[in-house]
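> Have a look at this prediction, sequence included:
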Amino acid sequence: MEGEITKVGRKYVTAKIRGLEYQFDMTDHLKQKSDYSPDYYLYESLAELLDEKRKCRCDCCPL
């Protein structure tokens with residue numbers, strides 16, 4: 001699923017996904033800021049996502 005980057009701050013990147021905004025921590029490998037399990041993962045490019053998907057073929061990964 002794709003989203004739109006709406007804001008870039010010093011520590012967080014904000015992305016709009018399905019009409020809701022989510023923050024991702026730039027100092028922690030772009031992990032979603034959440035008190036619970038993350039709903040989304042942020043990749044810098046489609047190529048980065050595809051590389052990650054090729055590396056891990058197990059059932060435990062969210063890809």
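Sure thing, it's come through. Numbers count the residues shown, from 1 in each chain.

> can you count the residues close to the residue lying closest to Val8 once chain neighbours are set aside?
Once flanking residues are discounted, Val8 sits nearest to Thr14: 7.7 Å by CB to CB, 6 or more residues apart in numbering. Bear in mind the C-beta positions are built from the backbone N, C-alpha and C, glycine included. Number of residues near Thr14 (other CB atoms under 10 Å) recorded here: 16.

> Tell me the helix or strand right after the helix or strand where Thr14 lies.
Assigned by DSSP states H and E, Thr14 falls within strand 12-17. Going down the chain from strand 12-17, the next helix or strand is strand 20-25, by DSSP H and E.

> wouldn't Val13 be in contact with Glu21 here?
No. With contact defined as CB atoms under 8 Å, Val13 does not reach Glu21; the gap is 10.7 Å.

> quick one: secondary structure of Glu48?
helix (DSSP: H, G, I helix; E, B strand; the rest coil).

> Tell me how many other residues crowd it.
Other residues lying near Glu48 total 12 when counted by other CB under 10 Å.

> any idea how far it lies from Glu21?
Here the criterion is CB to CB, to the nearest Å. By it, Glu48 lies 22 Å from Glu21.

> Please apply the same query to Gln32.
According to CB to CB, Gln32 stands 11 Å off from Glu21.

> Those two - which one has more neighbours?
Using other CB under 10 Å as the criterion, Gln32 and Glu21 rank with Gln32 on top: 17 against 12.

> so the more buried one touches Leu20, yeah?
No. The pair Gln32 / Leu20 is not scored as a contact, 11.9 Å apart, by CB under 8 Å.

> Contact partners for Val13?
The neighbours of Val13, taking CB atoms under 8 Å, 6 or more residues apart in numbering as the test, are Ile5, Lys7, Gln23, Phe24, Met26, Leu30, Leu42.
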